[in-house]
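Chemist: Next come a sequence and a model predicted from it.
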Amino acid sequence: MSTAMDRNLDYCLKCNICSTQCPVSNNKLDFPGPKHLGPELERLRLAWREQEPIEIEASLGYCTNCKRCDIVCPHGVRPSYYNVKNKAIVKDTFSHKFRDWILAHNVWWGKLAGKMPTLANMGLSLPLAKSLFSLLGMAKRDFPQYSKQRFKLSKQKKVKKVLYFPGCYASFNEPEIIQAAIEILEAYHYQVELAPEICCGTPMLSNGLLNESMKLARKNMNCFLRYIDKGFRIITTCPSCGLAFKEEYKDILPGETSSILAQNVWDLFELLIEEEMIPFDLTKNKLDNVYYHVPCHLKAQVIGIPAAAILKNVAVTDLILEDSFCCGLAGTYGFKKEKYDLSLSIGTPLLKDIAEKNPLLVITDCGTCKVQISHKTNLNVYHPVLILRNYLESTAISNSQFSLLHA
Amino acid sequence: MIMNYDVVIIGAGLAGLSSALAVIKKRLKAIIISKGLGNLYSSSGYVGLLGYYPLNYTCPVLSPKAALKKLITEKPEHPYAMVGQDFIEEALSVFLQTTRDMGLPYSGTLDENILLPTTVGGLLPTTLFPDTSAKEIGKAEEIIVLGIEELIDFCPQYAADNLKKRINVKIFALWESLRINYYREINSYDLALLMEREEIRECFIKRLKPRIRKGSLILIPAVLGITNWCKIISHFENTLGCSVLEIPTLPPSVMGYRLAEALKGYLKQNGVEFLIGSPVTDYTCKKGSISEIFINSINNRQMKIKGKSYVLATGGILGGGLRVYPKEIKESIFGLPVFKNLPVSHKNFFNLNGQPFAYSGIAVNNSLQPINLGKGEVVFNNLYIAGALLSGYDPFVEKNGNGVALVSGYKAGLQAAAGGGAQ
Amino acid sequence: MGHKVQVVVIGGGATGAGILWDLTLRGIESLLVERDDLATGTSGRFHGLLHSGARYVVNDIHSAAECIQENKILREIAPHCIEDTGGVFVATTDDDFGYIEKWLAGCQKAGIQAEEISSGELLSLEPALTGDITKAFNVPDAAVDGFKLVTANAVSAQKKGAKVKTYTEIINFKIENDKVQGVYLKNKFSQREEFVECDFVINATGAWVGQVAALAGQDINVSPDKGVLVVVNHRITKRIINHLRPPGNGDIFVPHGTVTIFGTTSRPTFDPDDSEVFLDEVLELLNEGTKLVPELKEMRIIRAFAGTRPLYEPDGMAKGRQATREFFLIDHKEAGLDGLVSVVGGKLTTYRLMAKAAVDFVANKLGVDKPCCTHIEKLINPLTTKKLGYGPYICQCELVNKEMLDQAVMGKEHFILSDVGRLTRLGLGPCQGIFCNLRAAGYYHQARKLEISEANKLLKDRVQERWKGNRAVLWGEQIKEVELSRAVYLGLLNLEHLDNDDYEL
């Protein structure tokens, strides 16, 4: 009970609004929901943790950490804070722990596969690999394909500087996102540097590896702070990485450093909006009938939907903006065998809605949302930076011609 | 240029939603900012205009129109007096029309309150209600109060025995189960999701059928679906040959949820933006008008939002619009002057006149602009107050939380849309 | 009419229940009568601290020595009522250094182990404490559940044949030839009166001892003293925190179940039933408390309550904390009435000693020579412990299920929801029973086949009782909670008009 965050449980009035918004408790009748697992149980834990085993805690592993409960609470409770913290303490079977450990260290495998992506992809698709994965407790899913690309970065020094943190998905599976983000940022006259680290720590955190994620968080924080001191802003295009830097680091490593970092992180589109930058030419080559799926971790940043706000104006006519659904994959969650069905039933309303609206393509900021949507539809799913980059290209205005438009 | 709106509405309860409704009627651009989902989700979803007046009467108001007239003359500080009879009527008719457009039709008129049963078997005077609740329990031949075993919030025998005191027909209590496996508290929202599933519903109705006489009125806790309730209720009614009346449940209330989601969906479709999850933490003002407000994102970075005018519908004490300290009550965003700012209480919880502290709130003029307590001059020219934040009433004993939210929200929205308002 | 027992014990607090248990173990046939439920007086309205005695070592060394002795015994005989949290005495820079020395000497004299702990180590264990600690000592304090302890005594005695009548008030004594012949009793619910013949009456009504003695024309000079306590929503600390200074306001924090009980104040009162708490008393307490727990005021206070200390000085008026916490036995024969003995003073920690003294005296009178064995005889656990397993629960805040509701009222003819709450913690969490009170009322209505008016009363009385404890802490989160409860009970259920309205459809 040392920090204000620990006392956050005091705010809960038991109104249960959070439970109506929890994708897991809506689909699983033995998942107690955010109110009970979070503030309610935490109060009991303080009293009984050392005396009695808390049987209900086993279900903590089923929390997807989507943070929907946090943002809907009218009274300021953040159930996910307690869930993340307590996941580390919950007992699980060894094989699950091992499997979770493997999933949490996706960056290791990514780096390995990155050296020889073709071979890795072939390996992943082999029947032998699939049955091995199944044995480990992995769901029968196609893992995203590994891919490798070199990035073109301008070496020119500029006044406005950003450190871009692409995260694991873009780095290993869709490097086009990185290139697009770089191009957009450079087009807006930013000097771009790429962050040395690839993992933000969220996969470890959601798999209960609190200590490892803290270690990584410290490393990232120190690195970022050096850049921040030099006048850089930290830019993300992955909502989960952004959320980790903006909020979760503050939770697991409360203090000045994490607060400074948090204040210096921007989602790429959030930055563009804040700097009031959009291209002046609003008429050309628009896409229509596009479905924008808002990832939970973007919603949880409470910055609105900056990408949608920009794309709506510049690149897309009929934008179907949907923020009521969770895709259900939740990072490594849907890759676990025992959670596969649940992951799909959480995602069903989204997939159904997409099917009903029948768009030409789907936009979403989150790599794993993309995995889930691609898993069950035949639609092309794009990160918004790809759309914006393509738009900028198609307007055929050379980089130097971009101008700033102030409100 | 993107975070710029005609009207910025703070608060996502019924008052906030209702003012957004008024704003889009004027074809203006609105955003609703809220730190969480509003208390509409916990409410019955009914709109009561005035349930008891005078409050210590032991008979509910049956004709709200007449009672309202009396209240407006007798209590000039009441929010209804500030809104005025004309706006009240206009707000109701706009709401009724909107509910039809958004696919959750409501009925009712200002001429009549109907009495709808509560979870304990009390009767709640209600002015507007979903079409599916338009059932007169006084005229039923036989009433069956149906409990669902999974739902511990509702005890049919208890409700039935209390209803017997008021209604002179045969009333039976009945339990039935969904026969599902569960290991936690099941709330009405969970059940409503299950009821959406045809196979579960089908079995439930099948088991019920031999136990229920055709032509009875079934009172059931409101769990009959989240999105397809019309279909589900008629499934029940047609198969059982009975009529079905839902009773609003303890929070999370499915009936409140349906109204909140339907209104939000309608507003979104009509271009209203929502930003839910962070409180408004600061503002700047120029020449007596608010120029912009700031919200704190999760990383404590302020985000600026500009509006031509603002509606403040952050709720009362429960909603967080008023923050209570041991010897003081403060308005939480703009520090507006609070009328009756002491948390004084009455020793009887059930005092028919309500709790003195509940009458606290923001005093307004009849444009719903906040005023200073002394001379009555307007505090901010472009700010309008709606809902439970208003002073001068206790919604829980007057049974008009949603009523005041709806009409004051509507008027505040109109005033905000018109700009400066009547000054 | 009526029946006969050897001894009637009046008062269902720790002392009365302890006396009943002791009498029963010595084979004396007895009846306990209590005007409300067990532990509704001071035994249920204190901080829940099983004293090590360290608090009394400077002013009242005799009480201190008794405390440590009883502390050790109770841990043996009633482990299920005690949580061994340990306690710590903490001095800050503002506190008198000279007092610490006196205190340490006192501890040594009373045989209370006080081990110094460095402030750094204490802070790492208890981060909520102030950084401003100069000295700290661990002592063998513990948290005790007063409700459960009293019930354990009563239930253990009942199992061996003793009788307990709750909600039964003594309305008069039958006195003939300067000797008590029996008592006239009245049931609070049924209003039924009865007469019970007996050889001896033990008046163990604590702060009410004077009122009961007056019924027999006897005068006892008790001076009830009101102490206010507040309940904090969560456990602030793992161990009991005492302020190491002369006993004063707001210097004890007891982690009690899921909450922290923090107190107390001291103010003489004429009426032992005076349990109203005023805002200023609470604020005064909190101001004191912030000296040890700086962020206390930002924490959520869920209610405040008051208990009445049964202070007594044999030689006249006792004054607040200066009064001795020793207990005394008054044989009313000295004032000309045989067959009545009153137990006065004392505190919960030493209840067993008080019971022993009273029963030794009565046994002697009755010619029973069996010695006391309450120090070795283990008490029955009246309520099986909770399991933090899967639900569903009636009360989610405190994990109370239907089985516990059944167990709590088993064998009881009459009860109110507060009785159930004291045993099971139903409705004692942050929401103060918004959801579970309604569920419990509905459940008992059906399970116990209550009349509808009884069921409504069960619910409304409980809501009112919770309200009483909320009224002095109406700010911050708790007033929001109150508003939610009004939204539910008044706005949604129309409960205030449920019985009042006089119309028919």
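Modeler: Yep, it's here.

Chemist: what sits against the residue nearest to C:H414 when sequence neighbours are not counted?
Modeler: Nearest non-adjacent residue to C:H414, counting by Cβ to Cβ, 6 or more residues apart in numbering or on different chains: C:F189, 4.4 Å away. All C-beta atoms are positioned from the backbone trio N, CA, C, and that covers glycine. For C:F189, the contact set (Cβ atoms under 8 Å, 6 or more residues apart in numbering or on different chains) comprises C:167, C:413-414.

Chemist: what about C:H51, neighbour count?
Modeler: If you count neighbours by other Cβ atoms under 10 Å in any protein chain shown, C:H51 ends up with 30.

Chemist: Now do the contacts for it.
Modeler: C:67, C:71, C:141, C:347, C:349.

Chemist: so how far is chain A from it?
Modeler: 21 Å (Cβ to the nearest Cβ, to the nearest Å).

Chemist: re the thing from before, what would the contacts of C:H51 look like in CSV with pLDDT?
Modeler: Below are these laid out as CSV (pLDDT from 0 to 100):
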residue, pLDDT
C:C67, 96
C:N71, 97
C:D141, 97
C:K347, 91
C:T349, 96
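
Chemist: Tell me which two of those residues sit farthest apart.
Modeler: The most widely separated members of these, counting by Cβ to Cβ, are C:D141 and C:K347 (13.5 Å).

Chemist: more crowded one of these two?
Modeler: Counted by other Cβ under 10 Å, C:D141 and C:K347 do not tie: C:D141 has more neighbours, with 29 against 25.

Chemist: Distance check, the more buried one against B:K164.
Modeler: As judged by Cβ to Cβ, to the nearest Å, C:D141 and B:K164 stand 54 Å apart.

Chemist: show me the contacts for the residue nearest to A:P79 when sequence neighbours are not counted.
Modeler: Of all residues not flanking A:P79 in the chain, A:G38 sits nearest, at 2.8 Å (Cβ to Cβ, 6+ apart). The contact partners of A:G38, taken as Cβ under 8 Å, 6+ apart, are A:9, A:12, A:18, A:69, A:77-83.

Chemist: Next, format these as CSV and append neighbour count, secondary structure and pLDDT.
Modeler: As requested, those are exported to CSV (neighbours: other Cβ atoms under 10 Å in any protein chain shown; DSSP: H, G, I helix; E, B strand; the rest coil; pLDDT from 0 to 100):
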residue, neighbour count, secondary structure, pLDDT
A:L9, 25, helix, 93
A:C12, 28, coil, 95
A:C18, 30, helix, 95
A:C69, 29, helix, 95
A:V77, 25, coil, 95
A:R78, 24, coil, 94
A:P79, 29, helix, 95
A:S80, 25, helix, 93
A:Y81, 23, helix, 92
A:Y82, 26, helix, 92
A:N83, 25, helix, 91
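
Chemist: what's the longest helix in chain A?
Modeler: Ranked by residue count, the top helix of chain A under DSSP state H comes out as helix A:210-229.

Chemist: list the buried ones in that helix?
Modeler: Using 16 or more other Cβ atoms under 10 Å in any protein chain shown as the test for burial, helix A:210-229 gives A:210, A:212-214, A:216-218, A:220-221, A:223-225, A:227-228.

Chemist: anything in that helix near chain B?
Modeler: No - Helix A:210-229 does not reach chain B (Cβ under 8 Å from any Cβ of the partner chain); its nearest approach is 12.8 Å.

Chemist: Packing partners of that helix?
Modeler: Contacts defined by 3 or more Cβ pairs under 8 Å, 6 or more residues apart in numbering or on different chains; DSSP states H and E place helix A:210-229 against helix A:79-87, strand A:160-165, helix A:202-206, strand A:232-236, helix A:249-252, helix A:256-263.

Chemist: how about 10 Å then?
Modeler: Contacts defined by 3 or more Cβ pairs under 10 Å, 6 or more residues apart in numbering or on different chains; DSSP states H and E place helix A:210-229 against helix A:79-87, helix A:94-104, strand A:160-165, helix A:202-206, strand A:232-236, helix A:249-252, helix A:256-263.

Chemist: In three-state terms, label B:C59 for me.
Modeler: Using DSSP: H, G, I helix; E, B strand; the rest coil, the structure places B:C59 in coil.

Chemist: Low-confidence ranges, the stretch 51-200 of chain B, go.
Modeler: Counting by pLDDT under 70, the stretch 51-200 of chain B contains no low-confidence range.

Chemist: Give me the buried positions along the helix or strand where C:R303 lies.
Modeler: Assigned by DSSP states H and E, C:R303 falls within strand C:301-312. Within strand C:301-312, the residues scored as buried using 16+ other Cβ under 10 Å are C:301-312.

Chemist: distance between the helix or strand just after that strand and the chain's centre?
Modeler: Following strand C:301-312 in sequence order, the next helix or strand is strand C:327-331 (DSSP H and E). Distance of strand C:327-331 from the chain centroid (Cα atoms, centre = their mean, to the nearest Å) equals 21 Å.

Chemist: ok, stretch B:9-29 near chain C or not?
Modeler: No - legend: contact between stretch B:9-29 and chain C by Cβ under 10 Å from any Cβ of the partner chain is lacking; minimum distance shown is 11.9 Å.

Chemist: Next, the distance between the ends of that stretch.
Modeler: With Cα to Cα, to the nearest Å as the measure, stretch B:9-29 spans 11 Å from end to end.

Chemist: Next, the buried residues of it.
Modeler: Neighbour counts using 16+ other Cβ under 10 Å place B:9-24, B:28-29 of stretch B:9-29 among the buried residues.

Chemist: From those, list the ones also adjacent to chain A.
Modeler: B:11-13.

Chemist: want to throw these into a markdown table with pLDDT?
Modeler: As requested, those are arranged in a markdown table below (pLDDT from 0 to 100):
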| residue | pLDDT |
| --- | --- |
| B:G11 | 97 |
| B:A12 | 96 |
| B:G13 | 96 |
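
Chemist: What is the nearest of those residues to chain C?
Modeler: Checking these against chain C with Cβ to the nearest Cβ, the nearest one is B:G13 at 11.9 Å.

Chemist: who's in contact with that closest one?
Modeler: The neighbours of B:G13, taking Cβ atoms under 10 Å, 6 or more residues apart in numbering or on different chains as the test, are A:74, B:32, B:34, B:37-43, B:260, B:313-315, B:318-319, B:321, B:386-389, B:401-402, B:405, B:409.

Chemist: Which ones among these also lie next to chain C?
Modeler: Answer for those near chain C (Cβ under 10 Å from any Cβ): A:74, B:39, B:42-43, B:315, B:318-319, B:388, B:401-402.

Chemist: Any idea how many residues pack against residue 286?
Modeler: Since you didn't name a chain, this refers to chain A. Quick note: A:K286 (other Cβ under 10 Å) scores 17 neighbours.

Chemist: hm, I was asking about chain B
Modeler: The number of residues packed near B:K286 is 8, by other Cβ under 10 Å.

Chemist: ok, it to chain C distance?
Modeler: The gap separating B:K286 from chain C is 33 Å, by Cβ to the nearest Cβ.

Chemist: which residues touch the closest residue to A:P166 other than its chain neighbours?
Modeler: Spatial nearest neighbour of A:P166, excluding adjacent residues (Cβ to Cβ, 6+ apart): A:I178 at 4.5 Å. Residues near A:I178 by Cβ under 10 Å, 6+ apart: A:149, A:151, A:153, A:164, A:166-167, A:170-171, A:194, A:237, A:383, A:385.

Chemist: possible to save those residues as TSV with pLDDT, secondary structure and neighbour count?
Modeler: Output for the contacts of A:I178, formatted as TSV (pLDDT from 0 to 100; DSSP: H, G, I helix; E, B strand; the rest coil; neighbours: other Cβ atoms under 10 Å in any protein chain shown):
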residue	pLDDT	secondary structure	neighbour count
A:Q149	74	coil	13
A:F151	84	coil	14
A:L153	85	coil	15
A:Y164	97	strand	24
A:P166	95	coil	24
A:G167	94	helix	27
A:A170	93	helix	25
A:S171	91	helix	26
A:L194	94	strand	15
A:T237	97	coil	27
A:H383	96	coil	26
A:V385	94	helix	25
